[in-house]
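Participant: quick one, structure for this:
(one chain, ligands or ions: 1)
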Amino acid sequence: MSKPQVGIIMGSQSDLSVMAEAADILEELGVAIEVTVVSAHRTPYRMVEYAESAAGRDIKVIIAGAGGAAHLPGMVASLTTLPVIGVPVKSRNSIDGWDSILSILQMPGGIPVATVALDGAKNAGILAAEMIGAFDKAISKNLQEYKDSLKEKVLDSAKSIEENGWKGNKIGFKK
Ligand code: RP5
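Facilitator: Residues are numbered from 1 along each chain as shown. Below is the predicted model:
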């Protein structure tokens, strides 16, 4: 097994159903990952230890997901020079998701968190792979194939609607 290049962390195991989408797409794209739970509020010292040790363990990008008062991504970003991608999670303690979005998005100057959409863990995984792919031709090639497959899906659906009409074609685009 190759050394993990992307660290996926989340505030609670209850975030895993969302965050697993980042893990799935990274595995599909051939990026080695590690996945664990690190809570900013319940295990603050573990969070500091994780964030401060990640670069030394050759992690290149951290994806951090949390819901509600979502302090994990921002606090991790404050403790490392690695890029941090934040995933706002619509958790059971979240009012409607905005609490989590704004907690992760509205960072002060100097401490960026690249924030994806609510529950947008798949895009977080793709963005992390793109960061790795900027320096790794094999990953870049995998990403190109993945993006080509998205294009093919759109062209297939356009063809199907154009040829068969829109009435029998009401299934949405599968992400
Ligand atoms: C956040 O609180 C976690 O990231 C999770 O989204 C939410 C709820 O956590 P649990 O009470 O389910 O452990 O810190």
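Participant: report the contact partners of Val38.
Facilitator: Residues touching Val38, when contacts are defined by Cβ atoms under 8 Å, 6 or more residues apart in numbering, comprise 9-11, 46-47, 50, 64, 72, 76. Just so you know, the C-beta spots here come from the backbone N, C-alpha and C atoms, and that holds for glycine as well.
Participant: ignore the last one, Gln13
Facilitator: Val37.
Participant: what about 10 Å?
Facilitator: 19, 37, 39 (Cβ atoms under 10 Å, 6 or more residues apart in numbering).
Participant: any idea what the second one is bridged to?
Facilitator: According to DSSP bridges, Met10 are recorded as the beta-bridge partners of Val37.
Participant: does it touch Thr43 like I think?
Facilitator: Yes. Proximity of Val37 to Thr43 meets the contact threshold set by Cβ atoms under 10 Å, at 8.3 Å.
Participant: surely Met19 meets Val6?
Facilitator: No. With contact defined as Cβ under 10 Å, Met19 and Val6 do not form a contacting pair (11.9 Å).
Participant: and the residue nearest the centre of the chain?
Facilitator: Nearest to the mean C-alpha position of the chain, counting by Cα atoms, centre = their mean, stands Ala124 at 2.4 Å.
Participant: which SS class is that residue?
Facilitator: For Ala124, the reduced secondary structure class is helix; criterion used: DSSP: H, G, I helix; E, B strand; the rest coil.
Participant: number the residues from 45 up from this point.
Facilitator: Okay, using 45 as the starting number, the last item reads as Ala168.
Participant: I figured it hits Ile77, correct?
Facilitator: No. With contacts counted by Cβ under 10 Å, Ala168 stays clear of Ile77, the gap being 11.6 Å.
Participant: joint contacts of the two?
Facilitator: With contacts taken as Cβ under 10 Å, 6+ apart, the residues that reach both Ala168 and Ile77 are 50, 52, 66, 70, 105, 107.
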